[in-house]
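Undergrad: When you get a sec, could you give me coordinates for this:
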Amino acid sequence: MNYQMTSACLVLNEQKGILLKKGPKRGWELPGGMVELNETFKEAAIREVREETGIEIVIERFCGISQELSKQLCNIRWIGRPISGNLTTSNESLEVGFYSLEQALQLMTNESFKAELVACFHESAQPFTLFFD
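TA: Below you'll find the model as predicted:
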């Protein structure tokens, strides 16, 4: 089995709120998903944020990557900001909203998602590389 690539974005609004979506399977997480054929990592993150939350974004910088060995996933992480749109749900997002870092860490139940979020906030340690079993 080959590795699959995902791309997600930590979207921060002017109040430093973090855009999260609650998915039907994994709970609260950063918006993102699989990179499609002939799509760049940035394009995938922008598309996934729009599809899952209704928000159009601009990518500001690369944060890092994480590798999930057991699932054979390589996850690319970005930081961006909203430029337009309205919060909306989709079949991939039961709820969406902007939350403080403290609220986000309480809502998220997946420890690897939390570790990626925290790493995105430590600019001095970027780009980061995280490995999960």
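
Undergrad: Tell me where the chain has strands.
TA: 4-11, 18-23, 27-29, 32-34, 55-68, 73-85, 95-99, 128-132 (DSSP state E).

Undergrad: Buried residues in the helix ranked longest in the chain, which are they?
TA: Ranked by residue count and defined by DSSP state H, the top helix of the chain is helix 41-53. Counting neighbours by 16 or more other CB atoms under 10 Å, one finds that the buried residues in helix 41-53 are Phe41, Lys42, Ala44, Ala45, Ile46, Arg47, Glu48, Val49, Arg50, Glu52, Thr53. All C-beta spots, glycine's among them, are computed from the backbone N, C-alpha and C.

Undergrad: Mind putting those into CSV with pLDDT?
TA: Formatted as CSV, these follow (pLDDT from 0 to 100):
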residue, pLDDT
Phe41, 97
Lys42, 98
Ala44, 98
Ala45, 99
Ile46, 99
Arg47, 98
Glu48, 98
Val49, 98
Arg50, 98
Glu52, 97
Thr53, 98
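
Undergrad: For these, work out which two are farthest apart.
TA: Across those, no pair lies farther apart than Phe41 and Thr53, at 18.3 Å, counting by CB to CB.

Undergrad: contacting residues for Ile55?
TA: Val11, Leu19, Val49, Pro82, Ser84, Gly85, Asn86, Leu87 (CB atoms under 8 Å, 6 or more residues apart in numbering).
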